[in-house]
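Student: Sequence and predicted structure, then a few things I'm wondering about:
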Number of protein chains: 2
Amino acid sequence: MSSRSESEVLEAIERRRRRPHYKLLEEHVTLSHGAGGKATHALVETIFARAFDNPLLAPLADAALLAVEGGRLAFSTDASVVTPRFFPGGDIGELSVNGTVNDLAVSGARPLWLSAAFVLEEGLAIAEVVRIAESMAAAARRAGVTIVAGDTKVVERGKADGLYIATTGVGVVPDGLELGPGAIRPGDRVICSGPIGDHGIAIMVARGGLDLEVDLESDTAPVHELAAGLLAAAPGAVRCMRDPTRGGLATVLNELALAAEVAIVLDESALPVRAEVTGACEILGLDPLYVACEGRLAAVVAPAACDAALAALRAVALGEDAGVVGEVRAEPPGMVVLETAFGGSRVVDMLAGDPLPRIC
Amino acid sequence: MSSRSESEVLEAIERRRRRPHYKLLEEHVTLSHGAGGKATHALVETIFARAFDNPLLAPLADAALLAVEGGRLAFSTDASVVTPRFFPGGDIGELSVNGTVNDLAVSGARPLWLSAAFVLEEGLAIAEVVRIAESMAAAARRAGVTIVAGDTKVVERGKADGLYIATTGVGVVPDGLELGPGAIRPGDRVICSGPIGDHGIAIMVARGGLDLEVDLESDTAPVHELAAGLLAAAPGAVRCMRDPTRGGLATVLNELALAAEVAIVLDESALPVRAEVTGACEILGLDPLYVACEGRLAAVVAPAACDAALAALRAVALGEDAGVVGEVRAEPPGMVVLETAFGGSRVVDMLAGDPLPRIC
């Protein structure tokens, strides 16, 4: 999957070395940094090209060239607008990389390449841009992807909120792998790789003003190892995977139930929720089922493969708390139902309204 | 290059048909439209999925699956923040699609697939979102690409400027095609496909307040046919192509001169500039060489292939005014020099500062 001949790579690196040595003199982002001229080059060369350094990005051409074998690619995009930009457990840069990596991973792909488009607000501290770029680079390394293309625009003071990042990813889907809600059957098990709602609550707490003292970090993480482990351990038995971000587990399971025309029945006592999240949700009037995760994987697997699937998830540190949270039934089709600890049951609809704005 | 079996496509369409029929009741964007729940689904299904309708997008899954043959892909991203959103000759939606199509095309690729990530401002009229989505769909059809993946976020009133769009594209590069500044040699000709600066000046005029009455439209257009025609007419003789957007022709030629360590000498009398652009530039104190185009192609070609290259560009309506604007010399390396109509010459540096903020 390398993309250029060795001589081409060396040539690109050599060309870069011979380029004028750009210096970034400003301490804050200015409109000139988005104009496409000298200041833009200085910003890109001294921050992004340095942090994301790799031979595919090095030419800084109009497009990166990726060498692929024939087959299927997964292609996914995310806009990240989380506020605050830095929060316990992560920041907007790490979140943007993990978010796209996870969309590719739950599609069954091996994530390989990312692009990043930045909308920076005039006046943003350059030190913040550096910190975020380095955080993205670290997240990319952890997930085994390279950031090979980018764009930087600047808008006037007040016209953005620090910065927004759009990440887009390409991954390779193994031959023969077919995932999707169409494969879901009554009797299948629903698995979740870890506690739900950490990210959403960590963001709410980080915003302050809630008078909550909760020691909680975002769960932002790449789930590619979880996904790969699951697919390897239960070949042919994984029906479908999702990462329960905005709208939480409730919303992605509703999407699956609707698409597959099945019922998904959740067992309340089996839902993994940290005490801190339960407590904060009670105070905030939220249901953890609707609170975003950014490093969890939900999967529907055939019942016979359930134990192998759980073992595979638990073999990865990120999945050590994996468990079965529900099962698929034929009736009522298109619905998610929660069976409560007291023996009752209630319908869990898709998220309505927006109790947690701008969490990703 | 089709991506799913016919039965899969039919199944996806049928599943979509069976989905709940979402209705969009609001007249303006609300934070709920970005929350990932019911309102987001309604927005995506009723506007974006309808406007961009195609089998790859239809599943609305985490990632689109693209079938490729082995080889090289081009991968490019753009953030579009142009203001105003609607301007003579185009709008932010059309511009965002053409911008990414053009980055792929000048890399030698056949543009195939696009993703679109939206940051919408709370309060934006839904009618505007519809109009922009339809404009993107029309631009995609014109360029022969499909929009196969997307994301939608909403930020609070005042935290964006209507909307920003990040588009990312994937195209296929023909086997054996090698383009890049490394191939540029002294004696090569520099070709431009049409008048420069139309887009930048059209935007400045559209903003009003300039007391200029100029009847000028943006040149936003896809250059994929120009690029393909050029490559077919002058096989092996096209060294490098660029689209002179932000920073204008001066900036992209500076990039090439630096990367190739050659001089590029422009002939002022041969530079294609409309009278309206010249006039506006004089009033605004701008040099058309630094004003963005969004539908032009600049190419460096071997001298022997120059006539064939020009004929190929002129055979496409968008390229009927194509002409030679300069040539490559050995000295002074890394510089762009303009030979004026009066027999003098001056150095044309890369754009400094930002005379034209947010033109793309």
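Tutor: Thanks, I have it.
Student: Every contact and neighbour count from this point should use C-alpha atoms.
Tutor: Will do.
Student: what does the stretch 251-360 of chain A put close to chain B?
Tutor: Residues of the stretch 251-360 of chain A found near chain B (Cα under 8 Å from any Cα of the partner chain) are A:251, A:258-259, A:350-354, A:356-358.
Student: pLDDT, secondary structure and neighbour count added to these, as JSON lines?
Tutor: Formatted as JSON lines, those follow (pLDDT from 0 to 100; DSSP: H, G, I helix; E, B strand; the rest coil; neighbours: other Cα atoms under 10 Å in any protein chain shown):
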{"residue": "A:Thr251", "pLDDT": "95", "secondary structure": "helix", "neighbour count": "26"}
{"residue": "A:Leu258", "pLDDT": "94", "secondary structure": "helix", "neighbour count": "22"}
{"residue": "A:Ala259", "pLDDT": "93", "secondary structure": "helix", "neighbour count": "22"}
{"residue": "A:Met350", "pLDDT": "91", "secondary structure": "coil", "neighbour count": "24"}
{"residue": "A:Leu351", "pLDDT": "91", "secondary structure": "coil", "neighbour count": "25"}
{"residue": "A:Ala352", "pLDDT": "89", "secondary structure": "coil", "neighbour count": "17"}
{"residue": "A:Gly353", "pLDDT": "87", "secondary structure": "coil", "neighbour count": "19"}
{"residue": "A:Asp354", "pLDDT": "86", "secondary structure": "coil", "neighbour count": "20"}
{"residue": "A:Leu356", "pLDDT": "86", "secondary structure": "coil", "neighbour count": "20"}
{"residue": "A:Pro357", "pLDDT": "89", "secondary structure": "coil", "neighbour count": "22"}
{"residue": "A:Arg358", "pLDDT": "92", "secondary structure": "coil", "neighbour count": "22"}
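Student: what distance separates the start and the end of stretch A:340-355?
Tutor: 23 Å (Cα to Cα, to the nearest Å).
Student: so how far is it from its chain's centroid?
Tutor: Put simply, stretch A:340-355 sits 25 Å off its chain's centre (Cα atoms, centre = their mean, to the nearest Å).
Student: what does it contact?
Tutor: Applying Cα atoms under 8 Å, 6 or more residues apart in numbering or on different chains, the external contacts of stretch A:340-355 come out as A:247, A:250-251, A:254-255, A:267-269, A:286, A:290, A:335-339, B:31-32, B:34-39.
Student: Mean pLDDT per helix and strand in chain A: which one sits at the bottom?
Tutor: Using mean pLDDT, DSSP states H and E, helix A:6-18 stands out as the lowest-scoring helix or strand of chain A, at a mean of 57.
Student: Next, see if the very next helix or strand once past that one gets close to chain B.
Tutor: As assigned by DSSP states H and E, the chain's next helix or strand after helix A:6-18 is helix A:38-43. Yes. Among the residues of helix A:38-43, A:38-39 lie within reach of chain B under Cα under 8 Å from any Cα.
Student: Give the next helix or strand downstream of helix A:38-43.
Tutor: Beyond helix A:38-43 toward the C-terminal end (DSSP H and E), the next one is helix A:49-51.
Student: ok, the helix or strand containing A:Ala228 near chain B or not?
Tutor: Assigned by DSSP H and E, A:Ala228 falls within helix A:224-233. No. Contact between helix A:224-233 and chain B is absent, the nearest approach being 13.7 Å (criterion: Cα under 8 Å from any Cα).
Student: cool, and stretch A:149-163?
Tutor: Yes. On the criterion Cα under 8 Å from any Cα, stretch A:149-163 is in touch with chain B at A:149-155, A:158-161.
Student: How about A:Asn127, nearest residue that isn't a chain neighbour?
Tutor: Small correction: residue A:127 is Ala, not Asn. A:Glu27 (7.3 Å; Cα to Cα, 6 or more residues apart in numbering or on different chains).
Student: Can you check what angle separates the helix or strand hosting A:Leu112 from helix A:224-233?
Tutor: If you go by DSSP H and E, A:Leu112 is part of strand A:110-121. Using axes from the mean of the first three to the mean of the last three Cα atoms, to 10 degrees, one finds that strand A:110-121 and helix A:224-233 are set 160 degrees apart in direction.
Student: So which elements touch the helix or strand following strand A:110-121?
Tutor: Scanning forward in sequence from strand A:110-121 by DSSP H and E, the next helix or strand is helix A:126-143. Under the contact criterion of 3 or more Cα pairs under 8 Å, 6 or more residues apart in numbering or on different chains; DSSP states H and E, helix A:126-143 touches helix A:49-51, helix A:92-106, strand A:146-155.
Student: what sits up against helix A:126-143?
Tutor: A:26-29, A:47-48, A:51-52, A:91-94, A:96-98, A:101, A:111, A:146-147, A:222, A:224.
Student: Make a ChimeraX selection of whichever of those turn out to be buried.
Tutor: A single ChimeraX command selects the buried members of the contacts of helix A:126-143 (16 or more other Cα atoms under 10 Å in any protein chain shown):
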select /A:28,29,47,48,51,52,91,92,93,94,96,97,98,101,111,146,147,222,224
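Student: show me what contacts the residue nearest the centre of chain A?
Tutor: Of all residues in chain A, the one closest to the mean position by Cα atoms, centre = their mean is A:Gly99, 1.5 Å from it. By Cα under 8 Å, 6+ apart, the contact set of A:Gly99 is A:78, A:222, A:294.
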